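J.: Need coordinates for the below:
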Amino acid sequence: MKHAPPACAEEILHGWLEGMRIDAIANLPAAKESALARSDVTAFIDDFCGVYLPWALNAVRGYVGAISPNTPLRVGSAVGRP
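T.: The predicted structure is shown next:
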């Protein structure tokens, strides 16, 4: 990552994964306590996605391939759906 994650990184990512808007995430108590501006929240999410998200997706793909080698994993497919 370009910068160290903020102390409230877990709360920021939770809000982001829940579909919260950046303004709402920046207004979370933990983000306010860390004195993070909206731009800080956006930079952290962009940084996190650029570094960790591709790695995590690759790890999931490798795991699924290891436990079910004969099942193709297609991008955009949902678990349990053809």
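
J.: rest of the way, CA atoms for contacts and neighbours
T.: Will do.

J.: Tell me how far the residue located most distally from the centre of the chain lies from residue 62.
T.: The C-alpha centroid of the chain is most remote from residue 70, which lies 28.4 Å away (CA atoms, centre = their mean). Using CA to CA, to the nearest Å, we find residue 70 at a distance of 13 Å from residue 62.

J.: so where does residue 53 fall, helix or strand?
T.: Assigned by DSSP states H and E, residue 53 belongs to helix 38-67.

J.: Which strands and helices lie in contact with that helix?
T.: Judged by 3 or more CA pairs under 8 Å, 6 or more residues apart in numbering; DSSP states H and E, helix 38-67 is in contact with helix 22-26.

J.: The helix or strand just after the helix it packs on - contacts with which helices or strands?
T.: Using DSSP H and E, the next helix or strand after helix 22-26 towards the C-terminus is helix 29-33. Using 3+ CA pairs under 8 Å, 6+ apart, the elements in contact with helix 29-33 are helix 9-17.

J.: Look up which helix or strand the residue farthest from the centre of the chain falls in, please.
T.: Judged by DSSP H and E, residue 70 forms part of no helix or strand.

J.: which ones are touching residue 16?
T.: 22, 25 (CA atoms under 8 Å, 6 or more residues apart in numbering).

J.: so where is this protein shaky, pLDDT-wise?
T.: For the chain, applying pLDDT under 70 flags the ranges 1-3, 71-82.

J.: Let's see that with 90 instead.
T.: 1-5, 17, 45-82 (pLDDT under 90).

J.: Let me see the contact set for residue 67.
T.: Counting by CA under 8 Å, 6+ apart, residue 67 has no contacts.

J.: how close does it sit to residue 61?
T.: 10 Å.

J.: now residue 12
T.: Distance from residue 12 to residue 61, by CA to CA: 25 Å.

J.: between these two, which one's more packed in?
T.: When residue 12 and residue 61 are compared for neighbours, residue 12 comes out ahead with 24 against 15, by other CA atoms under 10 Å.
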